[in-house]
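Enquirer: following is a predicted model, sequence given first.
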Amino acid sequence: MISTAQAAEVTTGGAVAENEFTAEEMTPEFVAILDDLAKRIPDDFIFDGMIAEADLLRADIARTIYDSAKDSKGALAGSFEVQVLNQGEDSISIGVFSDLVYAEIQDEGGEIKAKKKYLAIPFKDSKSIIGVRWPRDFAEGELQFIKSKKPGTALLYQGNRLMFILKERVELPGLRYLDKARTLWESNLDKNLGGHIGVSFTRAGFE
């Protein structure tokens, strides 16, 4: 799967431990306790907690997309999936990604140029009639092309009804849904991750 938008990455293992504890701070007794914990908690117990935490991030991304978008963005919200990036002896890296080609520009914004002549934008008052169709889905001659006075713009009519606005390029404002979702996710991280770790300890036999 080709990832086009990464929301966050959660990493656990040796690299994080080294950042939090120096050798001088760790007494031999504490090292022995950590080694014992590592032996008694199987890797898959921690892995399950990491997957559960990443899935919460995925849900926060979907929720934020629905809250941020004016139009329906169900395809975008449903495209994000949890993926394991790396699972080694000392670390686990998990990300949340979308494989939609427009996921990144929907998040960050930017200019979209037509690959051929125009980009077709359904006219807002005709969306209920257009449904999920695009100009190519209409019969030949059913839509009438009218050049607009605005540079780089044209119109498609069906009879007297404006159906599509055609533009050579459009500037898309970014929804910034990934930043919002990450803020929401991080606000609950301590509680949620602590719960997942607690489940791992319980499964390993700690009370």
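Expert: Yes, it's here.
Enquirer: so in this structure, where's the weakest helix or strand by average pLDDT?
Expert: Least confident helix or strand, the chain: helix 14-20 with a mean of 30, by mean pLDDT, DSSP states H and E.
Enquirer: using PDB, write out every CA atom in stretch 155-164.
Expert: Written as PDB, here are the backbone C-alpha positions of stretch 155-164 (Å, rounded to 0.1, in the frame of the first residue of the first chain):
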ATOM      1  CA  LEU A 155     -19.600  26.200 -17.600                       C
ATOM      2  CA  LEU A 156     -21.500  23.100 -18.400                       C
ATOM      3  CA  TYR A 157     -25.300  23.500 -18.600                       C
ATOM      4  CA  GLN A 158     -28.100  20.900 -19.000                       C
ATOM      5  CA  GLY A 159     -30.800  23.000 -20.600                       C
ATOM      6  CA  ASN A 160     -31.200  26.000 -18.400                       C
ATOM      7  CA  ARG A 161     -29.600  24.400 -15.400                       C
ATOM      8  CA  LEU A 162     -25.900  25.000 -14.500                       C
ATOM      9  CA  MET A 163     -24.400  21.600 -13.700                       C
ATOM     10  CA  PHE A 164     -20.600  22.000 -13.600                       C
END
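Enquirer: touching that stretch from outside, list them.
Expert: 120-123, 125-126, 129-130, 135, 138, 142-148, 165-166 (Cβ atoms under 8 Å, 6 or more residues apart in numbering). All C-beta spots, glycine's among them, are computed from the backbone N, C-alpha and C.
Enquirer: are any of the residues you listed buried, and which?
Expert: 120, 122-123, 126, 130, 135, 143, 165-166 (16 or more other Cβ atoms under 10 Å).
Enquirer: now do the helices in this protein.
Expert: Assigned by DSSP state H, the helices in the chain fall at 14-20, 28-40, 43-68, 74-77, 103-108, 127-130, 177-187, 189-203.
Enquirer: pop the domain breakdown of the protein in here.
Expert: According to automatic domain parsing, the chain comprises the domains 5-108+174-203, 110-171.
Enquirer: lowest-confidence stretch among the ones you listed?
Expert: Comparing mean pLDDT across the domains of the chain, the weakest is domain 5-108+174-203, with a mean of 71.
Enquirer: beta partners of the residue nearest to residue 134 when sequence neighbours are not counted?
Expert: Distances taken as Cβ to Cβ, 6 or more residues apart in numbering place residue 120 nearest to residue 134, at 5.8 Å, with adjacent residues excluded. As for beta bridges, residue 120 partners with residue 166 under DSSP bridges.
Enquirer: check residue 98 too.
Expert: Taking DSSP bridges, one obtains residue 5 as the residues bridged to residue 98.
Enquirer: from memory it sits against residue 78, does it?
Expert: No. Judged on Cβ atoms under 8 Å, residue 98 makes no contact with residue 78 at a distance of 9.3 Å.
Enquirer: residue 143: what's its closest spatial neighbour, skipping adjacent residues?
Expert: residue 156 (4.5 Å).
Enquirer: can you count the residues close to the one you found?
Expert: Using other Cβ atoms under 10 Å, residue 156 has 23 neighbouring residues.
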